[in-house]
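# This is a predicted model, with the sequence first.
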Amino acid sequence: MAFSLTEIYMVAGFLLAAYAVVANDSIQTLGTFLSSNSHRPWWALWIFASGILCAVLAYGWFAHDGDVSYGRLTNFPVPEGGISWIHVIPPLALLFLTRVGVPVSTTFLVLTVFTISNLQAMLTKSLLGYLVTFVVAIVVFRLVFKRATEYFHRTRGEAIPRYWVVLQWSSTAFLWSQWLIQDLANIFVYLPRQLSFSWLAFGVLVLIAMQGYIFYTFGGVIQKIVLSKTDTTDIRAATIIDFIYGLVLLVFKEVSNIPMSTTWVFLGLLAGREFALSMYLADTGFKRTLKNVSMDALKALSGLIVSVILALGLPYLNRLLFGG
């Protein structure tokens with residue numbers, strides 16, 4: 001059976017985007033889960049996360065008439081003429097940036113090359129997400145969980161009650177499902193908007209396999225960002241982080257179907273939490289926190305700049321080379 005060049009680009013783009021998004025964004029979601037469960041077999045964590053992945057994809061496929069993006073690709077129609085080489089370049093760039101540990105927004109990098117007219121709406125929603133999580137994290141960890149955080153920090157390494165394991169796995173399931181609803185659009189933008197069962201099965205198998213590799217390597221390079229934050233290996237602190245992150249994604253999911261950068265929301269949450277902790281933990285200095293947060297923000301901004309350059313430059317280069 002012969003495949004057209006468009007179909008080859010479509011599958012290649014999907015495979016590259018699937019790996020890049022799983023390696024970059026999903027670790028920002030599952031990173032605290034991995035770090036605080038590093039003593040458990042990787043395959044047990046993989047089976048748990050894969051079960052949730054299958055459930056989210058199956059529900060989206062049935063409830064949205066084959067659209068596993070949950071309507072987030074409504075404003076991103078399939079390009080005229082189908083997927084071309086210019087749509088395959090962004091996930092390649094994402095793979096490179098992920099390898100050097102840059103927390104890039106896959107939403108901007110992948111989706112803007114399909115329809116740059118939606119960039120302003122995505123940017124506005126993402127900036128709002130960063131600010132909301134930043135403020136919420138400061139308020140929550142400074143006022144609500146101050147004593148709890150001090151206690152967690154003081155009792156690091158001690159035996160933790162088993163109910164915390166149940167709470168953390170529950171918060172991870174909630175967060176993982178909300179992240180998938182937001183970011184599946186970044187992967188399935190390369191496939192038909194209404195998937196047949198065969199395309200759905202293909203997508204599920206690819207994502208499960210790639211996720212297995214990431215779990216086997218316990219997160220790869222991006223995981224270092226999570227591990228650099230205060231007490232993220234503590235299952236109790238990780239539970240609170242995951243629950244807040246999931247709640248914010250749930251709220252913004254209901255606001256509109258415009259895709260947003262979960263990376264920026266993630267960085268806003270960690271930044272706000274780090275600033276809050278620096279106010280009352282002696283070994284978490286304000287200057288060091290400011291430096292770390294600024295570096296993360298600059299890396300995210302660099303990803304946005306690359307996204308805009310690719311979105312504007314690739315179509316121009318295509319016209320220049322092929323007159324298309």
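Structure received.
# next SSE after the helix or strand hosting residue 240?
Using DSSP states H and E, residue 240 sits in helix 235-255. Next helix or strand after helix 235-255 toward the C-terminus (DSSP H and E): helix 262-278.
# just checking, next helix/strand downstream of that next one?
helix 286-322.
# Mind listing what's buried along that next one?
289, 292-293, 296-297, 299-300, 303-304, 306-307, 310-311, 314-315 (16 or more other CB atoms under 10 Å). For every residue, glycine as well, the C-beta is placed using N, CA and C.
# Quick check: which helices or strands does the helix holding residue 240 pack against?
Helix 235-255 sits against helix 5-36, helix 119-139, helix 146-154, helix 163-188, helix 262-278, with contacts defined as 3 or more CB pairs under 8 Å, 6 or more residues apart in numbering; DSSP states H and E.
# Tell me the gap between that helix and the middle of its chain.
13 Å (CA atoms, centre = their mean, to the nearest Å).
# One more: stretch 66-78?
18 Å.
# what does it rub up against?
For stretch 66-78, the surrounding residues in contact (CB atoms under 8 Å, 6 or more residues apart in numbering) are 57, 60-61, 64, 111, 114-115, 118, 181-182, 184-185, 188-189, 192-196, 200, 203, 253, 257-259.
# Please pick the buried ones from those residues.
The neighbour-count criterion (16+ other CB under 10 Å) marks 57, 60-61, 111, 114-115, 181-182, 184-185, 188-189, 193, 195, 200, 203, 258-259 among the contacts of stretch 66-78 as buried.
# give me the low-pLDDT residue ranges for the chain?
By pLDDT under 70, the weakly predicted segments of the chain are 1-2, 24-28, 101-103, 218-233, 280-286, 323-324.
# contacts for stretch 124-132?
Against stretch 124-132 from outside (CB under 8 Å, 6+ apart): 105, 107-108, 248, 252, 255-256, 258, 260-261, 264-265, 267-268.
# gap between residue 67 and residue 5?
Distance, residue 67 to residue 5, by CB to CB, to the nearest Å: 26 Å.
# So if I had to pick from the two, which one is more boxed in?
Higher neighbour count among residue 67 and residue 5: residue 67, with 20 against 11, using other CB atoms under 10 Å.
# Could you single out the nearest of the contacts of stretch 124-132 to residue 86?
The closest of those to residue 86 turns out to be residue 108 (CB to CB; 15.7 Å).
# residues contacting the closest one?
Contacts of residue 108 by CB under 8 Å, 6+ apart are 119, 122-123, 126, 261, 303-304, 307-308.
# give me every residue that touches residue 53.
Contacts for residue 53 were tallied using CB under 8 Å, 6+ apart; they are 176, 180, 204, 207-208, 211.
# And for residue 267?
103, 130, 296-297, 300 are the contacts of residue 267 under CB under 8 Å, 6+ apart.
# With distance to residue 46 as extra columns, can I get these in TSV?
What follows is the contacts of residue 267, written out as TSV (distance: CB to CB, whole Å):
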residue	distance to residue 46
103	22
130	30
296	27
297	31
300	28
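# Would you check which pair of those lies furthest apart?
Greatest spatial distance among those (CB to CB): 103 and 130, at 12.2 Å.
# Give me the more crowded residue out of those two.
residue 103 (25 against 22).
# Could you tell me which residues make contact with residue 301?
The contact partners of residue 301, by CB under 8 Å, 6+ apart, come to none.
# Just say helix, strand or coil for the nearest residue to residue 10 once chain neighbours are set aside.
Nearest non-adjacent residue to residue 10, counting by CB to CB, 6 or more residues apart in numbering: residue 83, 4.4 Å away. With DSSP: H, G, I helix; E, B strand; the rest coil as the basis, the three-state label of residue 83 is coil.
# re the thing from before, need the contacts of stretch 124-132 in CSV with distance to residue 322, can you?
Below are the contacts of stretch 124-132 laid out as CSV (distance: CB to CB, whole Å):
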residue, distance to residue 322
105, 29
107, 28
108, 26
248, 43
252, 39
255, 40
256, 36
258, 31
260, 33
261, 31
264, 35
265, 38
267, 38
268, 41
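# and those, which are buried?
105, 107-108, 248, 252, 258, 260-261, 264-265, 267-268.
# how about those, which pair is most distant?
Greatest spatial distance in those: 258 and 267, 19.2 Å, computed using CB to CB.
# Next secondary structure after the strand or helix carrying residue 89?
Here residue 89 is covered by helix 85-99, with elements defined by DSSP H and E. Note on helix 85-99: by DSSP H and E, the next helix or strand toward the C-terminus is helix 106-111.
# which non-adjacent residue is nearest residue 200?
Residue 200 sits nearest to residue 61 (CB to CB, 6+ apart), 5.5 Å away.
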